[in-house]
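> Generate coordinates for the sequence data below:
(2 chains)
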There are 2 protein chains.
Amino acid sequence: MSTHGASLIDVARAAGVSTATAGRALGGYGQVSDRTRERVLAAAAELGYRTNGLARSMVTGSTQTIGVVVTDVANPFFATALRGITDVTSPAGFEVLLANTGGTREAEQRAVTVMSEKRVDGMIVAAAQPGDGAHLKHAMDVGVPVVLLDRQVTGVPDADTITIDNEHAAAEAVAHLLELGHRRIGVITEAGDQLARVRSGSRRRGLFPSAVRLRGYVRALQAAGIEIDERLVAPARYERESAYDAMTSLLDSAVPPTAVLCTDNVLASGAYRAAQDRGLSMPADLSLVGFDDEPWTTLVRPELTIVEQPTYDLGARAGRQLLDRLAGSANRSPQHVQLKAKLVVRESTARYPASPQEDLAREERK
Amino acid sequence: MSTHGASLIDVARAAGVSTATAGRALGGYGQVSDRTRERVLAAAAELGYRTNGLARSMVTGSTQTIGVVVTDVANPFFATALRGITDVTSPAGFEVLLANTGGTREAEQRAVTVMSEKRVDGMIVAAAQPGDGAHLKHAMDVGVPVVLLDRQVTGVPDADTITIDNEHAAAEAVAHLLELGHRRIGVITEAGDQLARVRSGSRRRGLFPSAVRLRGYVRALQAAGIEIDERLVAPARYERESAYDAMTSLLDSAVPPTAVLCTDNVLASGAYRAAQDRGLSMPADLSLVGFDDEPWTTLVRPELTIVEQPTYDLGARAGRQLLDRLAGSANRSPQHVQLKAKLVVRESTARYPASPQEDLAREERK
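Below is the predicted model:
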């Protein structure tokens, strides 16, 4: 079997028992007397025998391993969620098999197949393509429970989902800006190309969190009776430079926004920098809201108003849900947990216009 | 074996072949005719049979899995290194089994034992306690190659090590400050309690990176003929608040430093904030140097001068070294790779005194 070290046969011989008995003593299953167990363990220690977890797994049917599939573990969001997962599953005796997909469907399919072959007991997946979950359904069909993390996925109706209420979170941020008097509110988003779909009100499944947040933006404005102005929806890739350019083009437009919502932390950092470089005074000239309580948001001046996501809890809840499922203690029907995000108002958002005088001055400058 | 889905016996029966033949066809080993393989694969697909990676691993002796043990995956340093590891090992067909130790020796020992039992092919370990590697040596003794990441560890002389030249990196940062004219240079460090050991010049093995950096600080000052003033060595825990307090006490001292080096990114963020809150103007009143090119370091004003660590490369090199070792293509003797860090001078460091006039004004104020 293995090329390493002493074999089970060596241990059995040294302890003067059958291989089957030695296996039971080392694996902790079946009937073995205490004396025999001690003799076997002593022989194993002396020979430097390494318990074969594979052999044990083939007997018990459990590898005590869960698969975690994320798009990018270097993204602080997933790194923190992963910590939440391991903090819950490790004390329960489960190890985590990790895969990065880089956001591609092919890499995710491959990871799911490999993990399934390695007989993980279950999987937690932050899907690369929420619109297509056929491979995840297949994994469930062959007996691997799947918990969807952060993204609901079409085609996997039986999977548990642990997500953040992104629509409400974004809507709350926009409501905060509306309350301050802003009417021209821009958004920098990765889901710029999905504005039509979002406005049409299709279901939440199959959407990236960024698109769900864009829907929150749309809904909050519609609720306030404000027409959506497509020129205020600035698309950007998940890169600081791209968000920088998106902010610049918003500010260059004929009627620039007085406030901007950025639908994630990387976009917020690029937008913040673009406003700084332009010499804009925040929040006097521009109000800005970001996502995620990253360290930089309280180191910059003004400190950034943000939507704080319960990222660690998201992972911890996903881990707990999977453990419940594996223990058979979860409800039979799929569970859909939505965690609430929290608006944290800091210094980058202010009343608009600041005062009637300033409003006049602003008008005169035009 | 497994409680899930169709068994190998079912597939063999449906394909009309022996179980051994079905196993060879599905596992891709041994002699099977193309026609038989096709028949077996078709039967497996129809029955929803999941290849049993465990069984295959017991035959091949390889699980195509590597263990990665870090103290905290939510720390951007380890998250980025982990991405480097997976980007290298995944295309080679290896999955990553991940463990967080929270920096405790017990958790690390447990993780190493479990991974060894699960028959990982090798391990990459960022040790919780660089002073004690007995459990890692044991893993190597039973045939699991270990690559040490970021920390050299005593007692594991045969392990490969991939580290950053932290001593040189810190020394270069201090040399930069010396060149600008600073003479009272403080340091905020997690290794405050190891100053005596660091000054005595004991070997690098068994030291945390923070202690190695403290040694770089000491060496650079000594090389410039400057006596080490213990009042300028401010200990802090790995928390922003603790670094905030350390910076405050440095600034409160009778003869405060004119420049401060922070030996990691979290400490730098706390120190930066303390200087801001005190109303100090950087770099006029104080020069500051941090570690790691985190997003915030270019969003704050002034932008922070930093030591940029090749974190992603650190992980990628560790992954490559382990793959070489597993392929038998690595040098027989242990490899010790040290990557270079890079000083990136930005706006938070400036000449001291700024000008003779300012020097006079400063003296008069006292």
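> all helices for chain A, in order.
The residue ranges that make up the helices of chain A, judged by DSSP state H, are A:8-15, A:19-27, A:34-47, A:53-60, A:76-89, A:105-117, A:134-141, A:166-179, A:195-200, A:209-223, A:240-252, A:265-277, A:311-327, A:356-365.
> Throw those helices into CSV and include distance to chain B, mean pLDDT and mean neighbour count, thanks.
Every C-beta, even on glycine, is put in place using the N, C-alpha and C of the backbone. What follows is the helices of chain A, written out as CSV (distance: least, Cβ to the nearest Cβ, whole Å; pLDDT from 0 to 100; neighbours: other Cβ atoms under 10 Å in any protein chain shown):
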stretch, distance to chain B, mean pLDDT, mean neighbour count
helix A:8-15, 12, 85, 19
helix A:19-27, 10, 76, 20
helix A:34-47, 10, 81, 16
helix A:53-60, 4, 61, 20
helix A:76-89, 4, 95, 24
helix A:105-117, 4, 89, 19
helix A:134-141, 6, 91, 18
helix A:166-179, 20, 98, 22
helix A:195-200, 27, 88, 15
helix A:209-223, 19, 96, 23
helix A:240-252, 7, 97, 20
helix A:265-277, 5, 96, 24
helix A:311-327, 8, 96, 22
helix A:356-365, 24, 57, 10
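> what's around the closest residue to chain B within the stretch 251-366 of chain A, how many residues?
Among all residues of the stretch 251-366 of chain A, A:W296 sits closest to chain B, at 3.0 Å; criterion: Cβ to the nearest Cβ. Burial of A:W296, expressed as a neighbour count using other Cβ atoms under 10 Å in any protein chain shown, amounts to 23.
> quick one: contacts for the residue nearest to it when sequence neighbours are not counted?
Counting by Cβ to Cβ, 6 or more residues apart in numbering or on different chains, the nearest residue to A:W296 once its immediate chain neighbours are dropped is B:W296, at 3.0 Å. With contact set as Cβ atoms under 8 Å, 6 or more residues apart in numbering or on different chains, B:W296 has these partners: A:E294, A:P295, A:W296, A:L299, A:V300, B:S269, B:L304.
> cool, A:V73 as well?
Taking Cβ under 8 Å, 6+ apart as the criterion, A:V73 is in contact with A:A79, A:L82, A:L98, A:N100, B:V73, B:A79, B:L82, B:R83, B:T86.
> do A:G122 as well
Taking Cβ under 8 Å, 6+ apart as the definition, contacts of A:G122 comprise A:I66, A:G67, A:V144, A:P145, A:V146, A:V147, A:L322, A:R325, A:L326.
> Next one: it from A:Q64, what distance?
If you measure A:G122 against A:Q64 using Cβ to Cβ, to the nearest Å, the figure is 11 Å.
> bridging residues for A:V344?
In this structure, A:V344 has beta-bridge partners A:I306, where bridges are defined by DSSP bridges.
> was I right about it contacting A:T298?
No. Here A:V344 lies out of contact with A:T298, judged by Cβ atoms under 8 Å, at a distance of 9.6 Å.
> neighbour count winner among the two?
Summary of the neighbour comparison: A:V344 and A:T298, criterion other Cβ under 10 Å, with A:T298 having more neighbours (18 against 15).
> Surely that one touches A:R346?
Yes. Contact between A:T298 and A:R346 holds when scored by Cβ under 8 Å: they sit 7.4 Å apart.
> Residues that sit against both of those two, list them.
Between them, A:T298 and A:R346 share these contacting residues under Cβ under 8 Å, 6+ apart: A:L304.
> Walk me through the domains of chain A.
Segmentation of chain A into domains, based on automatic domain parsing, reads A:2-60, A:65-163+A:311-340, A:166-310+A:343-365.
> and the closest residue to A:G290 other than its chain neighbours, what does it touch?
Ranked by Cβ to Cβ, 6+ apart and with sequence neighbours excluded, the top spatial neighbour of A:G290 is A:A268, at 2.9 Å. Residues near A:A268 by Cβ under 8 Å, 6+ apart: A:A243, A:C262, A:L288, A:V289, A:G290, A:F291, A:D292, A:T297, A:L304, A:I306.
> Which one (most neighbours) among the contacts of B:W296?
Ranked by neighbours (other Cβ under 10 Å), the contacts of B:W296 are led by B:L304, which has 30 neighbours.
> got the contacts of A:V73 as a markdown table, with distance to A:F208 columns?
Formatted as a markdown table, the contacts of A:V73 follow (distance: Cβ to Cβ, whole Å):
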| residue | distance to A:F208 |
| --- | --- |
| A:A79 | 19 |
| A:L82 | 19 |
| A:L98 | 21 |
| A:N100 | 17 |
| B:V73 | 23 |
| B:A79 | 21 |
| B:L82 | 23 |
| B:R83 | 20 |
| B:T86 | 22 |
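> Of these, which is the nearest to A:V174?
The shortest approach to A:V174 among these belongs to A:A79, at 28.3 Å (Cβ to Cβ).
> quick one on the thing from earlier: please report how far the residue of the stretch 251-366 of chain A closest to chain B lies from A:S200.
Counting by Cβ to Cβ - A:W296 and A:S200 are separated by 36 Å.
> Identify the bridge partners of A:M123.
Note on A:M123: beta-bridge partners by DSSP bridges are A:G67, A:V146.
> Help me confirm that it comes into contact with A:V142.
No. Under the criterion of Cβ under 8 Å, A:M123 is not in contact with A:V142, lying 11.7 Å apart.
> Between the two, tell me which one has more neighbours.
A:M123 (26 against 15).
> Quick check: the residue of the stretch 101-250 of chain A nearest chain B.
Taking Cβ to the nearest Cβ as the measure, the stretch 101-250 of chain A has A:G143 as its residue closest to chain B, at 3.0 Å.
> wait, what's in contact with the residue nearest the centre of chain A?
Nearest to the mean C-alpha position of chain A, counting by Cα atoms, centre = their mean, stands A:D150 at 4.5 Å. Under the criterion of Cβ under 8 Å, 6+ apart, the contact partners of A:D150 comprise A:F77, A:A81, A:A126, A:I162, A:T163, A:I164, A:P209, A:L314.
> what about the residue lying closest to the first one once chain neighbours are set aside, distance to A:R317?
If I follow you right, that is A:F77. In space, and not counting its chain neighbours, A:F77 is closest to A:T311: 5.6 Å by Cβ to Cβ, 6+ apart. Counting by Cβ to Cβ, the gap from A:T311 to A:R317 is 11 Å.
> Pull up the overlap in contacts between the two.
Joint contacts of A:T311 and A:R317 (Cβ under 8 Å, 6+ apart) are A:G84.
> wouldn't A:T89 be in contact with A:Q321 here?
No. Counting by Cβ under 8 Å, A:Q321 is not a contact partner of A:T89; they are 10.8 Å apart.
> Give me the nearest residue to A:G84, chain neighbours excluded.
Spatially, and ignoring its direct neighbours in sequence, A:G84 is nearest to A:G315 (2.7 Å; Cβ to Cβ, 6+ apart).
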